[in-house]
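1. quick one: sequence and predicted model below, then my questions.
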Amino acid sequence: MLNEDKGTRAFEVVDGLPHLLGTKCAMCGAAFFPPRFVCPTCLTDEKMEQWRLGNTGTLYAYTVIRIASKEFNPPYPFGYIIVEPEKVRVPAMITGVEDYSTLKVGMKMQMIVEKLRDDGVGGEIVTYKFKPADNQQGFRETMA
Amino acid sequence: MREVAVIGVGMTPFGKFLSTPIKDLGRAAAWDAIRDAGISPADVQIAYVGNACLGAITGQYMVLGQIILKEVGIRGIPITNVENACASGSSAFREAWMSVASGMYDVALALGAEKLYASDTRLSTKALAGATEVEYEGDIGLTMPGHWALRAKRFMEKYGTTAEQLAKVSVKNHRNGCHNPRSQHRKEVTVEEVLNSRMVAEPLTLLSCNPLGDGAAAAILVSKEVAARFTTKPVWVVASALTTGGYESNREVAQNQLEGRAGKQAFEMAGIGPEDLDLAEVHDCFTIAEFMRVEGLGLVPEGEYGKWMDEGWSEIGGKLPINVSGGLLAKGHPVGATGVAQVAEVVWQLRGEAGERQVAGARTGLVHCSGGGVASDTPVCCVHILQR
């Protein structure tokens, strides 16, 4: 089964707010990003639907990558964000942080879409990233 | 299933060989293994050749095994190229083992070869990021050191492991590497030097990461009958296990569940336990990787390897010497060559030919190699147990 009509975009912007585009199994309720088309638990594709994930989350782990391919212009922070409410763990670049020591495990994160790198032919490639949310209400400094 | 013995191994020194083609590295290792076994190239009936990065670095994406092996006069037999990230060489070794164990062939060759040094280091870094799910990881800025840095941060948070304890892995393996003439690094380092070397991805510094490297290694695997004809010192492959990740989104990234699966399978197949091992070569691509893998394999209880580091229990002469060859951190990590080089080390140890780094009376050794980083999990894990 080839799903050319869905799942080829990683994110979409709805009413000015970006969302990751994943899938969800209506049988067991699990959500997936990157999208999967066969549920690894139920082992069926019958109840798999395209799903627009939440655009906020919690920082699970982060690092600052200082040596990388030149197009990414290191250093930059990178982390695993647990996206809410689906609780899907997503690897992503972290942006909007000048002082890296202000990053804390457990802090609230907001998804944004911005430039990743030049495409080498005069344009630019944009992607999803996460930044610390303006409102840190509910922040706990541990994932336990 | 038939018994399978390793009767010959070969390995080039690991290091930076900018002007040496991979064909020459591979030929040297294959030829050394053939000579070590005392066989003729004409005796080899099937071959598997591990490589991971050459295509991305030089454009030689295909048929590397056929190109190398024609240089030692091996032609007209089945040759299969094997890619499984850092475990490409171990996976080639496993395929060779299966070929003989199944009864299909009596003499098989496993070769691993790699050239990672390029004119621009960032090209090598990009090639290695190919061990992630590129579209969703490597292409948006995640590197392999970045993958392990994230897991290290989580590991330290969960178990209270200190940066000093992590650094001691590099100190130990560099000390061991000093006694290995084929090791890329043969210089001791201190905890302070490890911690103060250039930061790659926090908390991993340059000396917490394996160096880029070029090199090759080979092994000859044969049936029991053939082994009896050629050697009085066969080393038996008593277990082989290969597994893949689970990729659950909610799994604990401070643990490597697939190593538990592969380890359990290998120990059951060998009919022994971790307490029966005399040494282990464990895939220490990063200091944190040795921690997570010795615990994952069940060689050390969960959360206790920091104490092992402090007590020196994985040093030569300790409870269970780990990475006596210098490991990937000192000996080097030409990706596709590593798994076969680990086998070569254990074969030399079990034959009592390891010189200054010999583990006295070693009879049983474990070889572990894992590869890649996908969805915060590890996609490949290969374990072999060798016994004399």
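-> Ah, there it is.

2. buried ones in stretch B:265-283?
-> B:265-267, B:269-270, B:272, B:277-283 (16 or more other Cβ atoms under 10 Å in any protein chain shown). C-betas here are computed from N, CA, C, even on glycine.

3. what is the nearest of those residues to A:Ala26?
-> Proximity of those to A:Ala26 (Cβ to Cβ) peaks at B:Gln265, which lies at 35.0 Å.

4. ok, the residue of chain A found nearest chain B - contacts?
-> Residue nearest to chain B within chain A (Cβ to the nearest Cβ): A:Thr63, separated by 3.7 Å. Applying Cβ atoms under 8 Å, 6 or more residues apart in numbering or on different chains to A:Thr63 gives the contacts A:77-79, B:146, B:149-150, B:153, B:201-203.

5. ok but it is inside a strand, no?
-> Yes: A:Thr63: assigned to a strand according to DSSP: H, G, I helix; E, B strand; the rest coil.

6. for the closest residue to it other than its chain neighbours, helix, strand, or coil?
-> Nearest residue to A:Thr63 in three dimensions, chain neighbours excluded: B:Ala149, at 3.7 Å (Cβ to Cβ, 6 or more residues apart in numbering or on different chains). What three-state DSSP gives for B:Ala149 is helix.

7. give me the neighbour count for B:Ala149.
-> Applying other Cβ atoms under 10 Å in any protein chain shown, we find 29 residues neighbouring B:Ala149.

8. same question for the one 3 residues further on.
-> By other Cβ under 10 Å, 29 other residues sit near B:Ala152.

9. tell me where the stretch 201-350 of chain B has helices.
-> Under the criterion DSSP state H, counting those that start in this stretch, helices of the stretch 201-350 of chain B are mapped to B:224-230, B:257-270, B:287-296, B:305-311, B:327-331, B:335-351.

10. before we move on, what about the stretch 1-150 of chain B?
-> Under DSSP H, counting those that start in this stretch, the stretch 1-150 of chain B gives helices at B:22-37, B:54-58, B:64-69, B:88-101, B:121-128, B:144-159.

11. can you give me the neighbour number for A:His19?
-> Using other Cβ under 10 Å: A:His19 sits among 19 other residues.

12. I figured A:Pro75 hits A:Met93, correct?
-> No: with contact defined as Cβ atoms under 8 Å, A:Pro75 does not reach A:Met93; the gap is 11.3 Å.

13. neighbour count for the two, which is higher?
-> A:Met93 (20 against 15).

14. residues contacting the more buried one?
-> Applying Cβ under 8 Å, 6+ apart, we find A:Met93 in contact with A:72, A:76-78, A:116, A:127, A:129-130, B:140-141.

15. tell me the most packed of those residues, by neighbour count.
-> Going by other Cβ under 10 Å, A:Phe78 tops the contacts of A:Met93 with 29 neighbours.

16. quick check: domain ranges of chain A?
-> A:11-52, A:56-132 (automatic domain parsing).

17. how far away from the center of its chain is the shortest one?
-> Okay, so that is domain A:11-52. Mean-position distance between domain A:11-52 and its chain equals 13 Å (Cα atoms, centre = their mean, to the nearest Å).

18. quick check: end-to-end length of that domain?
-> Terminal residues of domain A:11-52 lie 8 Å apart, using Cα to Cα, to the nearest Å.

19. secondary structure class for A:Met93?
-> What three-state DSSP gives for A:Met93 is strand.

20. bridged to it, which residues?
-> Here A:Met93 shows beta-bridge partners A:Phe78, assigned using DSSP bridges.
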